[in-house]
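**Q** For reference, the sequence and a predicted model appear below.
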Amino acid sequence: MSATIVEDEAELLAIARDMRTVAVVGIKDGRDPYAAGFTVPQMMKMSGIRILGVNPTITSALGDPTLRSVAELPAGVDVLDVFRRASAIPELTDQILALPAEQRPPVVWLQSGIRDDASAARLAAAGIRVVQDHCLGVYMRRARHAR
């Protein structure tokens with residue numbers, strides 16, 4: 001699969017099926033137990049996926065310490081799942097592209113309602129697959145049930 005802006009349903013399902021470690025930018029700590037930034041990562045963790053929360057405003061989420069920024073990401077993240085406003089995506093893109101190549105996630109997934117075509121094009125040009133305006137939790141459930 002090449003670096004591109006991903007629209008193909010089968011490729012979306014493959015990403016969701018194959019991910020093992022997901023960094024969640026904008027993860028929530030559960031104070032609002034219905035916030036998607038909490039419920040989606042919680043579902044992934046309950047399914048055995050390693051979650052690395054990224055949020056400078058909280059110290060922990062889902063029982064684990066959070067990272068303050070994407071600059072702290074370790075190598076080996078399969079998907080960077082983003083729960084941030086579209087207006088924050090250009091700055092986040094700059095932070096991702098500032099990472100050493102071996103530390104960059106191969107997939108950046110912008111959750112439902114989040115789209116920034118210019119940032120997506122920049123990430124794809126750098127060899128990162130980009131998903132925009134799709135809920136990773138929905139695709140994870142579909143992929144797991146298709147097995």
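**A** Perfect, I can see it now.
**Q** switch to C-alpha atoms for all contacts and neighbour counts from now on
**A** Fine.
**Q** what's the residue closest to the geometric middle of this protein?
**A** In the chain, the centroid-proximal residue (Cα atoms, centre = their mean) is D81; its distance is 1.1 Å.
**Q** Next, work out how far apart it and S112 are.
**A** 11 Å (Cα to Cα, to the nearest Å).
**Q** Repeat that for D32.
**A** For D32 relative to S112 (Cα to Cα), the value is 18 Å.
**Q** circling back: using CSV, write out the CA atom coordinates for the host helix or strand of the residue nearest to the centre of the chain.
**A** Assigned by DSSP states H and E, D81 belongs to strand 79-82. The C-alpha trace of strand 79-82 is given here as CSV (Å, rounded to 0.1, in the frame of the first residue of the first chain):
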residue,chain,number,x,y,z
VAL,A,79,-1.7,4.6,13.5
LEU,A,80,-1.8,8.1,14.8
ASP,A,81,-5.5,8.6,15.6
VAL,A,82,-6.5,12.3,15.8
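**Q** Going by neighbour count, list what's buried in whatever helix or strand comes next after it.
**A** Note on strand 79-82: by DSSP H and E, the next helix or strand toward the C-terminus is helix 89-98. For helix 89-98, burial by neighbour count (16 or more other Cα atoms under 10 Å) applies to I89, P90, L92, T93, I96, L97.
**Q** I figured Q132 was touching L110, is that so?
**A** Yes: in terms of Cα atoms under 8 Å, Q132 counts as a neighbour of L110; the distance is 4.7 Å.
**Q** Helices of the chain, residue ranges please.
**A** Assigned by DSSP state H, the helices in the chain fall at 9-18, 36-46, 89-98, 117-125, 136-145.
**Q** tell me the most buried of these?
**A** With neighbours taken as mean count of other Cα atoms under 10 Å, these reach their highest mean count in helix 36-46, at a mean of 19.
**Q** which other helices and strands contact that helix?
**A** On a contact count with 3 or more Cα pairs under 8 Å, 6 or more residues apart in numbering; DSSP states H and E, helix 36-46 meets strand 50-54, helix 136-145.
**Q** What's opposite V130 in the beta bridge?
**A** I5, V108 (DSSP bridges).
**Q** residues in contact with it?
**A** Neighbour list for V130: A3, T4, I5, V6, V107, V108, W109, L110, A120, L123, A124 [criterion: Cα atoms under 8 Å, 6 or more residues apart in numbering].
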